[in-house]
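A structural model of the following input is requested.
(chains A and B, ligands or ions: 1)
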Amino acid sequence: MSASIEERLFTIRYKADRVSHLIIKDQEVCLACPTKECNWFCPSDVYLWHEAERMTSVAYENCIECGTCRIACPEYNIEWLYPKGGYGVTYKYG
Amino acid sequence: MADERFDAIVVGAGPAGTAAAYTMAKAGLKVALVERGEFPGAKNIFGGVLYRKQLEDLIPEWWKEAPLERKIVEQRLWILADDSAVTFGHRNQRYHDPPNCWTGLRVKFDPWFAGKAEQAGAIPIYETVVTGLLRAGERVRGVITDRDDGELEANVTIIADGVNSLLGKQLMVHREWRPDEVSLAVKEIIQLPKQTIQDRFNLEGDEGCTIEIIGHTCGMAGLGFLYTNTDTLSIGVGVMVSDLKKKRVKPYEVLDGLKQHPAISRLIQGGEVKEYSGHLIPEGGFNSIPALAGDGWMICGDAAQLVNAVHREGTNLAITSGRLAGEAAIRAHEAGDFSASTLAAYDEAIRASFVYKDLKKYRGVHSLLAHEDAEQLFHRLPQALNDAAYEMLLVDGVPKRDKQRKAIRRVKEAAGGAYMDLIRLGLKGWRAMNG
Ligand SMILES: Cc1cc2nc3c(=O)[nH]c(=O)nc-3n(C[C@H](O)[C@H](O)[C@H](O)COP(=O)(O)OP(=O)(O)OC[C@H]3O[C@@H](n4cnc5c(N)ncnc54)[C@H](O)[C@@H]3O)c2cc1C
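Here you go, the predicted structure:
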């Protein structure tokens, strides 16, 4: 009964803003980061390190606004804001 | 909304903020209730169990009109190993009347509760993010929102913006939480026919049951839960973020592990996943509570780490803290004085309440969980307990005395090897729960 993360995120209603509310402060810091643990701890797989492009991509449209990355990034390299009022995730059950 | 002036502004329409807004509006104060979600509850999830008592202090017999799922008559605790479970529980007819608690869903409950505050006169300002605080020196004199002309002024601002509390951080009442001061929980809502739920969980009518789960969290400090709603189940697992950082495991894979456990898979079997969600839970406890009031501001609920994780109580502490902040604001309003020394009445009221006393009792739990070996507490000990139970109950001709020795040895080894390790851990656990 386990679903892929895509299927899971499909159960959530989002209203995505045009601009990201999550910003990697400095990609160089990601490059130097030995663990790149944001690729694991995020519950909606927002962060992905791309070796070829040497950058962390941010799928902010999938963000469920939990705040884990802001606290867990070992370099505090993620600028974390709420999406604009009314934007972002809206749950159906909660 | 440029020139609007309020007696009080409440940031966040969760249980804490709404309780504060309701309390003040009912006393005739002009209150703004600001919420960033499309509606109150839109952004919120919890386990979730709602308790009778603390909301009853505000709204007598509230449960007769609130949207609730099932009345909890049985609470279970399961300690899991890979393919087994040691189980405890308590069921009692007395929980029928008066009821003790219910399961609920935030998308239904929060709007109902906020509606009560609105009826009492609170002015809803939803779909609006408070991005900062208006200051005059030390004094907070209102909020800045993401609306055009988005400044709102008030004599007092109640910060009830939940676990992330960017405003509390801005105000520097707390620095950023350490990764061991929060857990990340992920949850799914699984739909099943009402009758199926009742049959599987041994329930009738609107009766409900809860299961708390220890073990099977990939060796991380954490808890699972499986709660019955009317025609859905809430299943989830929360793990300490400091452990999650180390493990390189995806949070939803921890949940999958739980769902696949043989004791659990049969309970959720055939159900349809209707929603996936995630949220942080404050875990710092007593030692993480920040200053609660200052010039023109008070802070309530998750934003102040007011969660009793051992008893999975959060909404009720939020409601009581919101009510007490509201009452302090009413007195300040009457006195026409919103300085730190007047609002200190809120801090005193919290200290005199169960909120402070309960968090103080469990003050040692956080450091036990943050500093003891999580693999030991949440993997090896549950495993050993299950092995010991298996051994004792298996009738295979081995004398009971030998079995008992072996069972004790297993638990002892999981605790570190010597009797002293077991005793030390037992004492530590006892002290943590009775600090
Ligand atoms: C998985 C899980 C299971 C739980 N289980 C239980 C349980 O079974 N029983 C129980 O009693 N408790 C439980 N809790 C804890 C409980 O949910 C919280 O303690 C409680 O919701 C705290 O209430 P609050 O009002 O302080 O914060 P919240 O409920 O988080 O409300 C904060 C509100 O503020 C809004 N907000 C935040 N920032 C801003 C801003 N800048 N501008 C405008 N609005 C803003 C948010 O959108 C939100 O609506 C659980 C929590 C989780 C995550």
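
residue contacts, the closest residue to B:T315 other than its chain neighbours?
In space, and not counting its chain neighbours, B:T315 is closest to B:P15: 4.6 Å by CB to CB, 6 or more residues apart in numbering or on different chains. Bear in mind the C-beta positions are built from the backbone N, C-alpha and C, glycine included. If you count contacts by CB atoms under 8 Å, 6 or more residues apart in numbering or on different chains, B:P15 has them with B:110, B:113, B:301, B:315, B:318-319, B:322.

among the residues you listed, who's most crowded?
Counting neighbours by other CB atoms under 10 Å in any protein chain shown, B:G301 leads the contacts of B:P15 with 33 neighbours.

Look at the closest residue to that one other than its chain neighbours and report its pLDDT.
Nearest non-adjacent residue to B:G301, counting by CB to CB, 6+ apart: B:A16, 2.8 Å away. Looking at B:A16, its pLDDT is 98.

With the ligand in mind, check whether the helix or strand hosting B:A16 reaches it.
Applying DSSP states H and E as the criterion places B:A16 in helix B:15-26. Yes. Counting by CB under 6 Å from any ligand atom, the ligand is contacted by helix B:15-26 at B:15-17.

roughly how far out does that helix sit from the chain middle?
19 Å (CA atoms, centre = their mean, to the nearest Å).

before we move on, back to that, what separates the residue nearest to B:T315 from B:L152, distance-wise?
Separation of B:P15 from B:L152 (CB to CB, to the nearest Å): 22 Å.

CSV for the contacts of B:P15, including pLDDT and distance to the ligand?
CSV is the format used below for those (pLDDT from 0 to 100; distance: CB to the nearest ligand atom, whole Å):
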residue, pLDDT, distance to the ligand
B:D110, 98, 7
B:F113, 98, 10
B:G301, 98, 2
B:T315, 98, 3
B:A318, 98, 3
B:I319, 98, 8
B:G322, 98, 7
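
With respect to chain A, which of those is nearest?
Of all the contacts of B:P15, chain A sits closest to B:D110, with 7.4 Å by CB to the nearest CB.

list the contacts for the closest one?
By CB under 8 Å, 6+ apart, the neighbours of B:D110 are A:94, B:13-15, B:18, B:39-41, B:44.

cool, B:A20 as well?
B:8, B:10, B:158, B:160, B:300, B:322-323, B:325-326, B:329.

quick one: which of those has the most company?
Most surrounded of those: other CB under 10 Å gives B:V10, at 39 neighbours.

so it sits in a strand?
Yes. B:V10 forms part of a strand when assessed by DSSP: H, G, I helix; E, B strand; the rest coil.

In this structure it contacts B:T23, no?
No. With contact defined as CB atoms under 8 Å, B:V10 does not reach B:T23; the gap is 9.9 Å.

What about residue 65, how many residues nearby?
All of this refers to chain A. 21.

nope, chain B please
For B:E65, using other CB under 10 Å, the count is 10.

try B:Q269
The burial count assigned to B:Q269 is 13, neighbours taken as other CB under 10 Å.

now what about stretch B:397-409, what contacts it?
Counting by CB under 8 Å, 6+ apart, B:387-389, B:391-392, B:394 sit against stretch B:397-409.

Pass me the low-pLDDT residue ranges in the chain, would you?
Chain wasn't specified; assuming chain A. Residues of chain A that meet the criterion pLDDT under 70 lie in A:1-2.

My question was about chain B, not that one.
B:1-3.

Find the centremost residue of it, please.
Nearest to the geometric centre of chain B sits B:G314, at 3.7 Å (CA atoms, centre = their mean).
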